[in-house]
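In: need a structure here:
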Amino acid sequence: MLIKTYASAVYGIEATTITVEVNISAGTKYYLVGLPDNAVKESLQRVESAIHAAGYRMPRQKIVVNLAPADIRKEGSSFDLAIAAGILAASGQIEAEKLNEYIIMGELSLDGGLQPIKGALPVSIQARKEGFKGIFLPRENAREAGIVSDFEVYGIDNIRQVIDFFNGSAAPERTTINTRDEFLTNINKYDSDFSDVKGQENIKRALEIAAAGGHNVILIGPPGAGKTMLAKRLPTILPPLNLYEALETTKIHSVAGKLAASDSLMTIRPFRSPHHTVSDVALVGGGANPQPGEISLSHNGVLFLDELPEFKRTVLEVMRQPLEERRITISRARFTVDYPASFMLIASMNPCPCGYYNHPERECACPPGVVQKYLNKISGPLLDRIDLHVEVTPVNFTELSSERLSEKSEAIRDRVIQAREIQNTRFEKTPGLHSNAMMSPKAVRDICRIDDSGHILLKKAMEKLGLSARAYDRILKVARTIADLAGSEDIAIEHLAEAIHYRSLDRENWAG
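Out: Presented below is the predicted three-dimensional model:
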């Protein structure tokens with residue numbers, strides 16, 4: 001008897017429906033076809049043990065299981081439950097009438113229990129799009145799948161609950177999430193705040209400009225100056241995620257298996273901080289079974305690289321293309337997957353190996369030439385993609401011990417949102433362009449116009465400070481953002497002057 005059940009496979013951040021065809025006929029062997037990997041091939045032992053544990057029998061006949069389409073490689077153990085349901089229906093032990101209305105997903109334990117799967121959200125979105133009535137999946141994944149509206153989501157604990165449902169003897173509890181309420185209730189819930197930071201008003205100002213224009217930032221300063229503390233608070237002043245961004249971000253984390261059972265929808269911008277020993281693949285994504293990397297996990301959020309010169313050169317160089325294109329393509333012999341990677345890069349570094357070059361109170365212990373060699377670990381093309389270079393100085397005792405409260409993240413965020421709204425209006429007719437940092441050289445020439453006094457100032461700055469040619473466009477982009485924060489239609493000379501101040505590493509002889 002031939003029976004069809006339905007499961008799903010995730011490629012990139014999109015799901016593809018897989019038809020599990022089970023045919024039982026005269027014979028004695030078990031065949032599993034349709035390009036299964038080892039985890040899928042090993043399903044026989046798990047399925048047989050789980051069926052026995054539920055009190056049913058495994059047919060002692062020829063069983064052929066085909067995973068269609070057969071030209072797509074099937075990976076992982078999430079097909080176990082669909083295969084088991086197909087075998088039981090083909091052998092007449094459960095009713096097959098409603099099997100074609102549901103996606104069935106889950107890895108079986110030997111006792112019939114279920115292990116969580118990856119990618120529950122994209123699977124549910126695709127299933128609803130294709131007209132399925134609902135989905136059965138492990139209880140740990142029910143909340144993330146439940147944010148798909150007008151779709152039946154059943155979080156189950158074991159195979160027996162699926163059997164009882166299709167036989168009509170019992171129905172598991174349906175998981176329902178009010179997506180909009182969930183989104184609005186948890187939005188902007190951060191554990192940290194800019195009011196925690198004592199002093200450093202100039203650094204806060206730089207990060208406000210970065211958030212307003214979507215600019216990448218590098219913080220340069222001695223150990224203990226507060227670089228990491230400031231960087232971790234950057235997401236708190238970014239505009240809140242909209243519902244589309246929240247769903248897209250949640251899909252990526254769902255595919256990577258990074259969502260907890262209690263999570264349904266990501267409502268705050270991600271902050272990822274990989275260690276400097278991270279590999280190329282871990283940063284950009286890939287592997288034998290491609291998974292999203294750190295740059296994709298920080299999509300719509302912040303990627304923080306602490307102690308930037310300590311990262312391997314090859315790791316940093318693979319970021320150059322994603323920083324421009326805001327997505328990463330992983331190519332393999334049989335397929336290609338795309339992961340979004342639109343993130344703000346914030347990096348920090350000591351100015352030299354000992355950490356005290358340009359320190360106001362301590363002497364640098366590095367020999368001549370070492371400082372420049374240390375800075376040369378960061379390539380020019382990567383530095384070219386960082387708009388703001390900010391020097392961080394230590395906080396003095398007076399500021400550190402002050403009881404005066406600093407400005408809260410909420411107040412800064414309101415100014416950032418206003419500046420972003422100006423940019424949204426400016427770029428509404430340009431697809432794919434949402435912030436000043438994303439402007440092309442042509443857009444910079446069209447939008448970032450300056451008057452004669454501005455030209456004179458910029459020319460003098462480039463000559464006197466020895467600013468490189470690559471600083472020109474970056475200064476104009478940052479100046480445009482500063483003008484947006486001030487609510488100014490034109491770039492004034494004070495906006496240009498402040499933008500020039502944020503190009504420390506472009507100055508000739510900065511490192512002596």
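
In: show me the contacts for residue 479.
Out: 448, 450, 491, 495, 496, 498, 499 (Cβ atoms under 8 Å, 6 or more residues apart in numbering). C-beta coordinates here come from the backbone N, C-alpha and C atoms, glycine included.

In: 7 Å instead?
Out: Residues in contact with residue 479 (Cβ atoms under 7 Å, 6 or more residues apart in numbering) are 448, 491, 495, 496, 499.

In: what do you get for residue 176?
Out: residue 146.

In: next one: the one 3 residues further on
Out: With contacts defined as Cβ under 7 Å, 6+ apart, residue 179 is in contact with 147, 149, 265.

In: With residue 411 instead?
Out: Counting by Cβ under 7 Å, 6+ apart, residue 411 has no contacts.

In: how about the helix or strand hosting it: buried residues?
Out: Residue 411 belongs to helix 409-426 when assigned by DSSP states H and E. Across helix 409-426, burial judged by 16 or more other Cβ atoms under 10 Å covers 409, 412, 413, 415, 416, 419, 420, 422, 423, 426.

In: So which bits of stretch 41-60 are buried?
Out: Buried-residue list, stretch 41-60, by 16+ other Cβ under 10 Å: 43-44, 46-51, 53-54, 56, 58-59.

In: before we move on, the earlier item: among the contacts of residue 479, name the ones in strands.
Out: Using DSSP state E, no member of those falls within strands.

In: before we move on, the earlier item: so how far is the helix holding residue 411 from its chain's centroid?
Out: 22 Å (Cα atoms, centre = their mean, to the nearest Å).

In: and what of stretch 457-471?
Out: 36 Å.

In: go on, stretch 118-131?
Out: The answer for stretch 118-131 is 19 Å, by Cα atoms, centre = their mean.

In: I'd like the average pLDDT over it.
Out: Per-region confidence: stretch 118-131 scores 94 on mean pLDDT.

In: ok, residues contacting it?
Out: 8, 10, 13-15, 17, 103, 105, 135, 137, 141, 144-145, 148, 150-151, 153, 250-251, 254-255, 257.

In: Tell me the buried residues in that stretch?
Out: 118, 119, 120, 121, 122, 123, 124, 125, 126, 127, 128.

In: secondary structure class for the last one?
Out: Think residue 128. Here residue 128 takes the helix state, with states given by DSSP: H, G, I helix; E, B strand; the rest coil.

In: Tell me the spacing between it and residue 189.
Out: Distance, residue 128 to residue 189, by Cβ to Cβ, to the nearest Å: 28 Å.

In: before we move on, what about the first one?
Out: Here the distance between residue 118 and residue 189 works out to 25 Å (Cβ to Cβ).

In: Sketch out the low-pLDDT regions of this protein for me.
Out: Where the chain drops to pLDDT under 70, the residues are 261-262, 333, 397, 506-512.

In: Can you tell me the centre-most residue of it?
Out: Geometric centre of the chain, nearest residue: residue 297, 2.3 Å, by Cα atoms, centre = their mean.

In: sorry, back to before: using JSON lines, please lay out the buried residues of helix 409-426 together with distance to residue 227.
Out: Below are these laid out as JSON lines (distance: Cβ to Cβ, whole Å):
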{"residue": "409", "distance to residue 227": "18"}
{"residue": "412", "distance to residue 227": "18"}
{"residue": "413", "distance to residue 227": "21"}
{"residue": "415", "distance to residue 227": "23"}
{"residue": "416", "distance to residue 227": "20"}
{"residue": "419", "distance to residue 227": "24"}
{"residue": "420", "distance to residue 227": "25"}
{"residue": "422", "distance to residue 227": "29"}
{"residue": "423", "distance to residue 227": "27"}
{"residue": "426", "distance to residue 227": "32"}
